[in-house]
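S.K.: Mind folding the following:
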Amino acid sequence: MLPALGTVLYLPALQLRAWPIARPQVSVVAESPLLLPLLHTRTLRVASQVATSGPLEWMDCEDGVGQRLARIYLLPDSDYLAWDRITAHGEAEERPLATALRRWRPGAAILTGFRLRQLARVPLLSCAGYERLSGISLRVAGDLACRERVHLGAVSAPSLPAHSAVTSD
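M.R.: Modelled structure (predicted):
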C-alpha cells in the first residue's frame, strides 16, 4: 500500500537493535538497507497534531516489541485517500509533538515515494523518487526534518533530468 501514498517524508531510525535471524513476515525484498525497517514493521501507530504551521499526521512503524523502526509523515502533496486506507488499521494516538519526538532519533529524513516491482518474480520495495512537489510540501518537509534534527535528503525520480526533479510552486 505504500506506493499509493505518493511523496512522503520517510525517516528510518538512527540505530536499530539487531533483528532476529528470522526473515520478515512479508515476502518482499528491500532494495536499500534504509527500507529494511518497513519490512520488519508489525504495528503502525498513527499520530496527529495541529501545530502552529498547520496539521501534522504521521505513522510510527514499530516492531513486535514496540521499538520504533521508522516514521512516515504525510505531506500536503501526499495521497490522503491512500493514507486513510493504510492508517485505518493502525492504532490512533493523540499526543503532543514534544512527547512524540522524545526517545526517537532518526538516521535520515528522505523525501521520497515508494515503488513495488517484480524482480525475478520477487517483489522488490524501492524508493520511487518524485517528479513534482509543491512549495508548501517542501517547506513542511524542511520544518519536520529540522524538528527531528536530521538533514533533509531526497530521492529524485531516475527518469527525469536533474534540473526538473523538484518543482516548487
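S.K.: Give me the below-cutoff pLDDT ranges for this structure.
M.R.: 16-26, 89-103, 131, 155-169 (pLDDT under 70).
S.K.: how about the helices in it?
M.R.: Listed in chain order, the helices found in the chain under DSSP state H are 36-39, 80-87, 97-101, 135-148.
S.K.: closest one to C61 among those?
M.R.: helix 36-39 (6.0 Å; CB to CB). Glycine gets a C-beta too; all of them are placed from N, C-alpha and C.
S.K.: roughly how far out does that closest one sit from the chain middle?
M.R.: Averaged C-alpha coordinates place helix 36-39 at 11 Å from its chain's average position (CA atoms, centre = their mean, to the nearest Å).
S.K.: The residue nearest to V28 when sequence neighbours are not counted: what's it in contact with?
M.R.: In space, and not counting its chain neighbours, V28 is closest to P123: 4.5 Å by CB to CB, 6 or more residues apart in numbering. If you count contacts by CB atoms under 8 Å, 6 or more residues apart in numbering, P123 has them with 27-29, 116-117.
S.K.: Point me to the residue sitting farthest from the middle of the protein.
M.R.: No residue in the chain sits farther from the centre than A120, which is 26.1 Å out by CA atoms, centre = their mean.
S.K.: now the end-to-end length of stretch 59-77.
M.R.: 16 Å (CA to CA, to the nearest Å).
S.K.: got the buried residues for it?
M.R.: 59-63, 68-77 (16 or more other CB atoms under 10 Å).
S.K.: So which of those are in strands?
M.R.: Here DSSP state E is the test, and these give 59-62, 68-73 as lying in strands.
S.K.: Taking these together, which two end up most distant?
M.R.: E62 and Y73 (15.8 Å).
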